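# Need a 3D model of the sequence below.
(chains A and B)
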Amino acid sequence: MFYDFWVENYNEETKKLLKKLGFSGACIFGAEVEDKGFILAKGKSIKAKTNETADFLVLENRDEKVQRAAIKNNSFDGIRSFVNYPAIKEMAERKIALVICFNDLLNSSDTKKTLYLMKKSVTLAKKYKTPIVIASGAKNNWELRSASELIGFGEVLGLTAEDAKKALNWFQEKIMERNKLKSEGKYIGPGVIIKHGS
Amino acid sequence: MAVKPNRKRYILFEIISNKAFEINMAERAILDSSLKFLGEFGASEAKITFLPEFWGENKGVLSVNAIYVPKVKLALALTKKISGHDVIIRSIKVFGTIRKIKSEH
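Next up is the predicted model:
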């Protein structure tokens, strides 16, 4: 089961396409939709440290100072940017994911540089065992890409086939699990959940 | 698992679009995209070849060097337009022999 955890546009056609492209769920950014069957989470991308909440909260800022302040605050699920050494290590410790969107490469004005920076971030993430999320980042239906293409993208970035597949479901499943606990009122904070004894 | 160099793989792909394309239009767009992404040297190493006998209903088969499969898949994904029409190219399956493609499709 694979999930596209960054889609910025959603309608019936998107849902059909996502199913055809091999996804069993998606996270929608910036669109208000009520489709509990297929939409597994609602995401929000922000530029700086904040108290906002969402199912999947992602920081989009290339400023290293902002990134490190946000990581220390531990209020994010992921960072969609190129991340360097000290920050990526802290991300691994706090289980904050490195979000890589295919759209950044697809619409990049300098493909070589973008690919180089992505590869660098992925190499560091692999070294420090930071979770990686690969998504399409599609702004319209024609920017969606299939699961097998995103796996190939992960392999080109330096992941093994297994790790690339993991980047399409492992962290996403953790987020869904957390959201389920939140909705049941059992989630207090990172690492703190209420378990009812039998 | 290590793959022997120069061994072929066959990528069965589908072009998702509102329009039905001729084989030469699809071939041109895919080869251009591969050339742009892999470069002259990479494209020659990848040995991308279209198999015209499998073309039909916007589906086709590409023969590529086994170690270049992920890169060619990415080159396919980077194809945004064919003859000015928006497209999504998805690879359906990778085969090791032509016989298997014939038996399954």
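
# list the buried ones in the worst-scoring helix or strand of chain B on mean pLDDT?
For chain B, counting by mean pLDDT, DSSP states H and E, helix B:98-104 ranks last in confidence among helices and strands (a mean of 88). Neighbour-count burial for helix B:98-104 flags residue B:101 (criterion: 16 or more other CB atoms under 10 Å in any protein chain shown). C-beta here means a position set from N, CA and C on the backbone, and glycine is covered the same way.

# Closest residue of chain B to chain A?
Chain B approaches chain A most closely through residue B:73 (3.3 Å), counting by CB to the nearest CB.

# give the contact list for the residue nearest to that residue when sequence neighbours are not counted.
Nearest-residue entry for residue B:73: residue A:152, 3.3 Å, with adjacent residues in sequence omitted and distances by CB to CB, 6 or more residues apart in numbering or on different chains. Counting by CB atoms under 8 Å, 6 or more residues apart in numbering or on different chains, residue A:152 makes contact with A:164, B:69, B:70, B:71, B:73, B:74, B:77, B:91.

# Now the element after the helix or strand hosting residue A:152, going C-ward?
Following DSSP states H and E, the helix or strand that holds residue A:152 is helix A:147-156. Downstream of helix A:147-156, the next assigned helix or strand under DSSP H and E is helix A:161-166.

# which outside residues touch that next one?
Contacts for helix A:161-166 (CB under 8 Å, 6+ apart): A:2, A:126, A:132, A:134, A:150, A:151, A:152, A:153, A:154, A:155.

# Most widely separated two among these?
A:2 and A:126 (19.9 Å; CB to CB).

# So for these two, which sits in the more crowded spot?
A count of neighbours by other CB atoms under 10 Å in any protein chain shown puts residue A:2 above the other of residue A:2 and residue A:126, at 21 against 17.

# Can you give me the separation between the more buried one and chain B?
Applying CB to the nearest CB, to the nearest Å, the value for residue A:2 to chain B is 13 Å.

# Would you check that that residue makes contact with residue A:19?
No - in this structure, residue A:2 is not within contact of residue A:19 by CB atoms under 8 Å, at 11.2 Å.

# Relative to chain B, which residue of chain A is the closest?
Counting by CB to the nearest CB, chain A gets nearest chain B through residue A:152, at 3.3 Å.

# What pLDDT does the model give that residue?
For residue A:152, the model assigns a pLDDT of 92.

# Distance of it relative to residue B:89?
To residue B:89, residue A:152 is 12 Å away according to CB to CB, to the nearest Å.

# So, low pLDDT: which residues of the chain?
This is for chain A. A:35-36, A:49-51, A:197-198 (pLDDT under 70).

# if you could check chain B rather than the one you did, that'd help
B:1-5.

# Need the three-state assignment for the residue nearest the centre of chain B.
By CA atoms, centre = their mean, chain B has its centre lying nearest to residue B:62, at 4.1 Å. Here residue B:62 is strand, with the state taken from DSSP: H, G, I helix; E, B strand; the rest coil.

# what's across from the residue nearest to it when sequence neighbours are not counted in the sheet?
Excluding the flanking residues, the one nearest residue B:62 by CB to CB, 6+ apart is residue B:11, at 4.7 Å. When bridges are called by DSSP bridges, residue B:11 pairs up with residue B:62, residue B:94.

# circling back to that earlier point, who wins for neighbours among the contacts of residue A:152?
residue B:73 (28 neighbours).

# Does it touch residue A:146 like I think?
No - here residue B:73 lies out of contact with residue A:146, judged by CB under 8 Å, at a distance of 9.3 Å.

# about what we covered before: show me the contacts for the residue of chain B closest to chain A.
Residue B:73 sits in contact with A:148, A:149, A:151, A:152, A:153, B:11, B:91, where contact means CB under 8 Å, 6+ apart.

# Buried ones in stretch B:34-44, by neighbour count?
B:34, B:35, B:37, B:38, B:42, B:43.

# what sits up against it?
By CB under 8 Å, 6+ apart, the residues outside stretch B:34-44 that reach it are A:111, B:31, B:45, B:46, B:48, B:68, B:71, B:72, B:74, B:75, B:76, B:78.

# re the thing from before, now the two most distant members of the contacts of residue B:73.
The most widely separated members of the contacts of residue B:73, counting by CB to CB, are A:153 and B:11 (14.9 Å).

# Which residue of these two possesses the greater neighbour count?
Neighbours were counted for residue A:153 and for residue B:11 using other CB under 10 Å; residue A:153 has more, 27 against 21.
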